[in-house]
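J.: sequence first, predicted model second:
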Amino acid sequence: MSLWWWILAACILAYATKLAGYFVPAKLLRSPRMMRIAGTMTIGLLASLTTVNAVAAGQSLVLDARLGALAAAGVALWLRAPFLVVVLVGAGSAAALRLLGWN
């Protein structure tokens with residue numbers, strides 16, 4: 001089976017999943033439990049995407065300035081810094097680490 005068949009199957013599955021969302025009763029979506037679950041899933045997805053983008057290059061794992069920037073931004077978040085400060089701390093630490101030769 002060629003790659004295009006797999007891509008087509010993934011597209012159909014994604015479309016069917018989105019279409020199935022229209023058949024979920026509105027009462028279920030307004031429940032506090034569902035709102036909590038949806039919020040938790042969003043945080044988990046964002047965390048996993050951030051982690052993968054911080055340590056992956058192609059199909060291999062690398063430890064470079066991105067990981068240091070993520071750690072610095074995590075410390076800024078832990079200290080409850082505003083979002084703009086967190087972004088600037090991450091960018092600044094990545095620039096400093098690359099300047100020091102930690103590519």
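T.: Sure, I can see it.

J.: low-scoring stretches of the protein, by residue?
T.: Along the chain, segments meeting pLDDT under 70 span 1.

J.: show me the contact partners of stretch 31-44.
T.: Leu28 (C-beta atoms under 8 Å, 6 or more residues apart in numbering). Just so you know, the C-beta spots here come from the backbone N, C-alpha and C atoms, and that holds for glycine as well.

J.: show me where this protein has its helices.
T.: 3-21, 26-29, 32-55, 65-78, 83-99 (DSSP state H).

J.: for these, which one ends up most surrounded?
T.: helix 65-78 (a mean of 17; mean count of other C-beta atoms under 10 Å).

J.: got the CA coordinates for it in CSV?
T.: In CSV, the C-alpha atoms belonging to helix 65-78 read as follows (Å, rounded to 0.1, in the frame of the first residue of the first chain):
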residue,chain,number,x,y,z
ALA,A,65,19.7,25.3,23.3
ARG,A,66,16.0,24.6,22.9
LEU,A,67,16.0,22.4,25.9
GLY,A,68,17.7,25.1,28.0
ALA,A,69,15.2,27.7,26.7
LEU,A,70,12.3,25.4,27.7
ALA,A,71,13.8,25.0,31.2
ALA,A,72,14.3,28.8,31.6
ALA,A,73,10.8,29.5,30.4
GLY,A,74,9.5,26.8,32.8
VAL,A,75,11.3,28.5,35.7
ALA,A,76,9.8,31.9,34.6
LEU,A,77,6.3,30.3,34.6
TRP,A,78,6.9,28.7,38.0
